[in-house]
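A.B. asks: Sequence first, predicted coordinates after that:
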There are 2 protein chains.
Amino acid sequence: MQKSFEVLAIDPDSKARRARVTTAHGIIDTPAFMPIGTQGSVKGVSPRELRELAAQVILGNTYHLFVRPGLDVIKHFGGLHEFMNWDGPILTDSGGYQIFSLAKLRKITEDGVEFQNHIDGARAFISPEIAMEIQAALGSDIVMALDECVPYPCEYDYAAQSAEMTTRWARRCKEWKQENAERPTPNAQIPSDVAASAVLSGQFSVQSSCAPDALRTAHTTARQLLFGIVQGATFEDLRKTSAQAIVDLDFDGYAIGGVSVGEPEREMMRAVESAEPFLPRDKPRYAMGLGTPPQLLEMIARGMDMFDCVLPTRLARNGTAFTARGTLNLKNAEFALDKRPMEENCSCDVCREFSRGYIRHLIKAEEILGLRLITLHNLHFYLNLMRQARSEIERGTFDQFRRMFVAEYKPRDTMTVD
Amino acid sequence: MQKSFEVLAIDPDSKARRARVTTAHGIIDTPAFMPIGTQGSVKGVSPRELRELAAQVILGNTYHLFVRPGLDVIKHFGGLHEFMNWDGPILTDSGGYQIFSLAKLRKITEDGVEFQNHIDGARAFISPEIAMEIQAALGSDIVMALDECVPYPCEYDYAAQSAEMTTRWARRCKEWKQENAERPTPNAQIPSDVAASAVLSGQFSVQSSCAPDALRTAHTTARQLLFGIVQGATFEDLRKTSAQAIVDLDFDGYAIGGVSVGEPEREMMRAVESAEPFLPRDKPRYAMGLGTPPQLLEMIARGMDMFDCVLPTRLARNGTAFTARGTLNLKNAEFALDKRPMEENCSCDVCREFSRGYIRHLIKAEEILGLRLITLHNLHFYLNLMRQARSEIERGTFDQFRRMFVAEYKPRDTMTVD
């Protein structure tokens, strides 16, 4: 089996890495930002637009899809890729985070979590094994182990017990995968260009390195990458213990969970810094659920590779655009006669075609096109920031780039990640 | 000045015409459907998508744009085309219809209409001359005379007096245009391809017939086409008198107003049939604010050339898709597992890429992408119906096509045009 992760360059002045994750649906260049497709759609954006934005991977929310439309529907359509017409990589979370933040009447036991969903109150139960089964049925390229994400603040004893249970749950996920390695996944189609190039070339260079393996094992869970999740709240020793225990189980990648849950930024950085030294360098690292543009660069400098965040899509729906100088709230009257694009010198289609004044009008008039245009620009901004980061790492200039970007970026509006 | 209207073919078995309107921003092939861009945006759709749908003309609502963002803003941006980044033809209504249907505390006098807008209640006054000034400032390619659109039902005497006033208002619009023929319009840019082809070819064939004139007079109101509006409610003699009086004033085109305002379909047809014989054959005819797909074909058979209707965009937002067999309400549970496209054999991008089941999920989950996808399909459906009509007229088979289409089309959901 070829490697699913290759480090291509390391920044000399930080822990930043330029790397590549190979999945059944294609390659993810890291550092990578994953737009969030909560309910089988990145809010307001079509799959074609995601491809045009050069998004390489999207995140699907297992809990939301499990509740609606339900697993039977997605299975019937041949998995999540087919259902939503996205043929690139998909990472799905385990559903745990939403159970803990959205669902009602939760009951957590060693076995799993019982809950009532937030849509119609129907009872359901998710265990580590069931989380794996669901993600196998969705046909995700990267699947996450079930974890408990504790709130902030959290008492030490609870955080410690919870992190230990998360480790036991992670072991059960890993065991499920080993026992079900030959289980077919519904839809892990080989991208036609990969299959074609594999057939045409007759051999497999580094560029097409995913092809032979994909051809052999595309339709089983063995091809899904399984990531374990480090917990431990804001306690350095718990983060360390959790990281060591999760790494001992040997996953395809490691996520830092339980960050960006309301703690001060300094605590978030410390949680990552406490766990990172214990994560292997030859596996991808995913900092879950964050953050602002400067936070992403700070996380990259601390050795993180993958990110997901609602900010670019959620703030867009509120009329807020990202720029390298900070955010703009386009509802403000100051933009009514502003002929400039949302971000000057931005290369995105929206900034080449539409003015701040027009977009402000659309937002004030509650026209859907307004939030669409800001969403497209914001996703471009995040994806482009990752492209810049990759290029700066390759050139060995990432740390300088990070410092300059963070200094220039002025947070003008309160931004909470939830 | 070259002709702004050419009839290219006439159906042997009906009054249907295949024709072409030439405007400062390009050609409109008729019969034509005009998507409605109420507030400077066709709801949920980008200008690029409109171009991809091959929409040749859109309609802008003067009242809505006058209220928000206001004329000063649109003037500042160089007119409506520039503001919304649409370089094709735009027809604007006079604002009258919305004043009568949306605004508060209306006071109609011979002079004009005083009203309070529905957004912030600010007082405003629109006269025939002001309606022309506003549309000149917007830079519309086709401007509509100010009329009074009476409700249904309407007493004979009121309808008669109102139609007479509409005629006097129409004369004032015409006079305003004559007196202001050299007034610059802000933005009637020559489409670059038209200008380029004019320069390259060195002469002007029928295909590029708009070029020399556009080059000469693109920036004055003289280049705007002015349409008069026939009123007369549901009374045959009033429709006839109104048509004769409006035609006597000699407009660039004629609209039938006051239809599709709640009257039975038979009354709507009669209103058009009563006016049509008095409209000149060498000018375009626009049936305002309608209708269902069969109604459009019936109107074409009665000699109408241009249409605008909220149905394709408004019903889309309610989860309803148009097909040649009638409408589908995608909220219905029957579509949950349906892998077929909204319309089988439809050539639109949405039907080639997405299933009914997926779109149903998006609508149920209130995902914006759902209404976007249905909107795009519905606009394609209406625009394609007009393409088919044009082609059938050219072949001399339109009347048969109309009869077959109407027989096959089953209205499943109640559809009101308002």
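C.D. replies: Good, I have the coordinates.
A.B. asks: Helix, strand, or coil at the residue in the stretch 201-350 of chain A positioned nearest to chain B?
C.D. replies: Closest contact between the stretch 201-350 of chain A and chain B, by C-beta to the nearest C-beta, is at residue A:337 (5.1 Å). (C-beta placed from N, C-alpha, C; glycine too.) Under DSSP: H, G, I helix; E, B strand; the rest coil, residue A:337 falls in the coil class.
A.B. asks: If I take the longest helix that chain A contains and helix B:368-395, what angle do their directions form?
C.D. replies: Scanning chain A for the helix with the most residues, using DSSP state H, yields helix A:368-395. On the basis of axes from the mean of the first three to the mean of the last three C-alpha atoms, to 10 degrees, helix A:368-395 is oriented at 110 degrees to helix B:368-395.
A.B. asks: Can you give me every residue that contacts the spatially closest residue to the residue of the stretch 201-350 of chain A closest to chain B that is not a sequence neighbour?
C.D. replies: With sequence-adjacent residues excluded and distances taken as C-beta to C-beta, 6 or more residues apart in numbering or on different chains, residue A:337 is closest to residue B:76, at 5.1 Å. Contacts here follow C-beta atoms under 8 Å, 6 or more residues apart in numbering or on different chains; on that basis residue B:76 touches A:337, A:339, A:357.
A.B. asks: so who does the last one touch?
C.D. replies: Applying C-beta under 8 Å, 6+ apart, one finds that residue A:357 lies in contact with A:335, A:336, A:337, A:338, A:339, B:69, B:73, B:76, B:77, B:83.
A.B. asks: hang on, the fifth one packs against residue B:73?
C.D. replies: What that stands for is residue A:339. No - counting by C-beta atoms under 8 Å, residue A:339 does not reach residue B:73; the two are 10.9 Å apart.
A.B. asks: low pLDDT regions in chain A?
C.D. replies: Counting by pLDDT under 70, chain A has low-confidence residues at A:1-2, A:187-218, A:412-418.
A.B. asks: From residue B:70, how far off is the residue lying farthest from the centre of it?
C.D. replies: Distance from the centre of chain A peaks at residue A:337, with 36.9 Å (C-alpha atoms, centre = their mean). According to C-beta to C-beta, to the nearest Å, residue A:337 stands 11 Å off from residue B:70.
A.B. asks: try residue A:150
C.D. replies: 52 Å.
A.B. asks: do residue A:342 as well
C.D. replies: Taken as C-beta to C-beta, the span from residue A:342 to residue B:70 is 21 Å.
A.B. asks: swap in residue A:338?
C.D. replies: Residue A:338 is 15 Å from residue B:70, by C-beta to C-beta.
A.B. asks: Comparing the two, which residue is more hemmed in?
C.D. replies: residue A:338 (19 against 14; other C-beta atoms under 10 Å in any protein chain shown).
A.B. asks: which residues does that one contact?
C.D. replies: A:355, A:356, A:357, A:360.
A.B. asks: Please apply the same query to residue A:174.
C.D. replies: Counted by C-beta under 8 Å, 6+ apart, residue A:174 has contacts A:145, A:226, A:228, A:249, A:250, A:251.
A.B. asks: Now go through these and say which are in helices.
C.D. replies: Per DSSP H, these never map to helices.
A.B. asks: which of those count as buried?
C.D. replies: Neighbour-count burial (16 or more other C-beta atoms under 10 Å in any protein chain shown) applied to these gives A:145, A:226, A:228, A:251.
A.B. asks: and these as CSV, adding distance to residue A:49?
C.D. replies: Shown next, in CSV, are the buried ones among the contacts of residue A:174 (distance: C-beta to C-beta, whole Å):
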residue, distance to residue A:49
A:145, 31
A:226, 30
A:228, 33
A:251, 32
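A.B. asks: Against chain B, which of those make the cut? List them.
C.D. replies: Among the buried ones among the contacts of residue A:174, none lies close to chain B by the criterion of C-beta under 8 Å from any C-beta of the partner chain.
A.B. asks: what are the phi and psi angles of residue A:151?
C.D. replies: phi -80, psi 170 (degrees, to the nearest 10).
A.B. asks: just the one 10 residues further on next, same as before
C.D. replies: As for residue A:161, its main-chain torsions (degrees, to the nearest 10) stand at phi -60, psi -40.
A.B. asks: Let's see stretch A:56-66 as CSV, backbone CA atoms only.
C.D. replies: Coordinates of each C-alpha in stretch A:56-66 appear next as CSV, following Å, rounded to 0.1, in the frame of the first residue of the first chain:
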residue,chain,number,x,y,z
GLN,A,56,-9.5,19.9,-2.6
VAL,A,57,-11.5,18.4,0.2
ILE,A,58,-14.7,19.2,2.0
LEU,A,59,-16.0,18.2,5.4
GLY,A,60,-19.3,16.5,6.0
ASN,A,61,-21.2,16.4,9.3
THR,A,62,-22.1,12.9,10.2
TYR,A,63,-24.7,13.9,12.8
HIS,A,64,-26.6,16.2,10.4
LEU,A,65,-26.6,13.7,7.6
PHE,A,66,-27.6,10.9,10.0
